[in-house]
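A.B. asks: 3D, please:
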Amino acid sequence: MYQFVDTQPTSDTGGTSLSLQTVFDGKNLDELLTDETGRFVTLSVGGRGILNRRLDLVQMPGAHGSRVKDVTYDVREIPVKFLIADATNEGLRERFNRLNGYLKGNEKRLEFTDENAHFVATLSGANIPDEDSNSLICTMTFTCADSAKRMDEKVIEVGASESTHAIAGQDETPWEISLRFTANTDKFELRAGDIYILLGYEFIEGDRLIIKYEGREVWLNDDTDLRYSIRLASNYKMLEPGDIEVKASHACELKYDERFY
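C.D. replies: Numbers count the residues shown, from 1 in each chain. This is a model prediction of the structure:
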């Protein structure tokens, strides 16, 4: 039988700050797994600093060393150290079962409450000590195949008059366009830097249009696939950091995430 553990927060949790909490797929683990008989406390998080890089080196005949041909970012690993405790051993097992349920799914949104950013992550492993107590300090590791750190969504209001906007971040990023037509028209056109989108279709007042870079999805009123309406003149590209000029035939929103490494 495990020993009884005091389930109220104390100073013996490794100096944790209650401002650091783990949120996976929209579920705050610290809140969901803490109650009158037990708790889950995020103690520390790694892997959010400098990211390893893969160097593609080419040896040059007759030259010292090598030349860097290309540089890419490595897969990001995020270890999360946490305390999990319960008043009874049966309760601890049940709390682990709930934790496993919250961590299901691949490539889900992972965020921490001390930073205005998120990752796309999958749980890849865990280090759980021998259960000789009903209070355990463990580590779970998330793998981000796409290693980018994404800031919260940004929205550009695009109109018929040309305007300039600064795209922040350290790398190119996908985008989404959304609008609702206020009058009948037979096309939609948008320019945003090197991006050019031209659709031909008989839109009517009230129609809602969504265009996504990823998958080149085009949806009318959320249920009609309009990819066939994309004209060949269109130029699908990711948004590049820097100043861009934007303009559209109809007022719309251009949404994107700033990406950092």
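
A.B. asks: can you list the domain ranges for this structure.
C.D. replies: 22-147, 153-260 (automatic domain parsing).

A.B. asks: got the ones you listed as CSV, with mean pLDDT and mean neighbour count columns?
C.D. replies: All C-beta spots, glycine's among them, are computed from the backbone N, C-alpha and C. Formatted as CSV, those follow (pLDDT from 0 to 100; neighbours: other C-beta atoms under 10 Å):
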stretch, mean pLDDT, mean neighbour count
domain 22-147, 94, 15
domain 153-260, 94, 15
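
A.B. asks: Show me what secondary structure element comes after the helix or strand hosting Leu199.
C.D. replies: For Leu199, the element it lies in under DSSP states H and E is strand 195-203. Downstream of strand 195-203, the first helix or strand assigned by DSSP H and E is strand 208-212.

A.B. asks: Could you tell me the angle between that following strand and strand 195-203?
C.D. replies: 150 degrees (axes from the mean of the first three to the mean of the last three C-alpha atoms, to 10 degrees).

A.B. asks: So what are the sheet partners of strand 208-212 and their directions?
C.D. replies: strand 175-180 (antiparallel), strand 218-220 (antiparallel) (DSSP bridges).

A.B. asks: so which of the ones you listed comes closest to Ala160?
C.D. replies: Ala160 lies closest, by C-beta to C-beta, to one member of those: strand 175-180, at 12.0 Å.

A.B. asks: Figure out how far the closest one is from the centre of its chain.
C.D. replies: Centroid separation for strand 175-180 versus its chain: 19 Å, with C-alpha atoms, centre = their mean, to the nearest Å.

A.B. asks: Show me what the strand holding Leu199 is packed against.
C.D. replies: If you count contacts as 3 or more C-beta pairs under 8 Å, 6 or more residues apart in numbering; DSSP states H and E, strand 195-203 packs onto strand 185-192, strand 208-212, strand 218-220.

A.B. asks: so can I have CSV of these showing distance to Thr72?
C.D. replies: Below are those laid out as CSV (distance: least, C-beta to C-beta, whole Å):
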stretch, distance to Thr72
strand 185-192, 26
strand 208-212, 25
strand 218-220, 30
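
A.B. asks: among those, which is nearest Ser133?
C.D. replies: Among the helices and strands packed on strand 195-203, strand 208-212 sits nearest to Ser133 (C-beta to C-beta), with 49.0 Å.

A.B. asks: ok, and what's touching that closest one?
C.D. replies: 174-181, 188, 197, 199, 203, 217-222, 226, 252 (C-beta atoms under 8 Å, 6 or more residues apart in numbering).

A.B. asks: Then stretch 175-190?
C.D. replies: 158, 192, 195-213, 238-239, 246-256.

A.B. asks: end-to-end on it?
C.D. replies: End-to-end span of stretch 175-190 (C-alpha to C-alpha, to the nearest Å): 13 Å.

A.B. asks: just how off-centre is that stretch within its chain?
C.D. replies: 27 Å.

A.B. asks: ditto for stretch 193-205
C.D. replies: With C-alpha atoms, centre = their mean, you get 28 Å for stretch 193-205.

A.B. asks: helix, strand or coil for Asn100?
C.D. replies: For Asn100, the secondary structure call by DSSP: H, G, I helix; E, B strand; the rest coil comes out as helix.

A.B. asks: Then Asp130?
C.D. replies: Per three-state DSSP, Asp130 ends up coil.

A.B. asks: how near is it to Leu136?
C.D. replies: From Asp130 across to Leu136, the span is 9 Å (C-beta to C-beta, to the nearest Å).

A.B. asks: quick one, helices of the stretch 1-150 of the chain?
C.D. replies: Using DSSP state H, counting those that start in this stretch, the helices of the stretch 1-150 of the chain run over residues 29-32, 89-102.

A.B. asks: then the strand holding Leu199 to CSV, C-alphas only?
C.D. replies: What follows is the C-alpha trace of strand 195-203 in CSV, where atoms were taken according to Å, rounded to 0.1, in the frame of the first residue of the first chain:
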residue,chain,number,x,y,z
ILE,A,195,0.6,35.5,-53.6
TYR,A,196,-2.1,35.8,-56.3
ILE,A,197,-5.5,34.1,-56.0
LEU,A,198,-8.1,34.3,-58.8
LEU,A,199,-11.4,32.3,-58.6
GLY,A,200,-14.1,32.3,-61.2
TYR,A,201,-17.6,31.5,-60.0
GLU,A,202,-21.1,32.9,-59.8
PHE,A,203,-21.1,34.1,-56.2
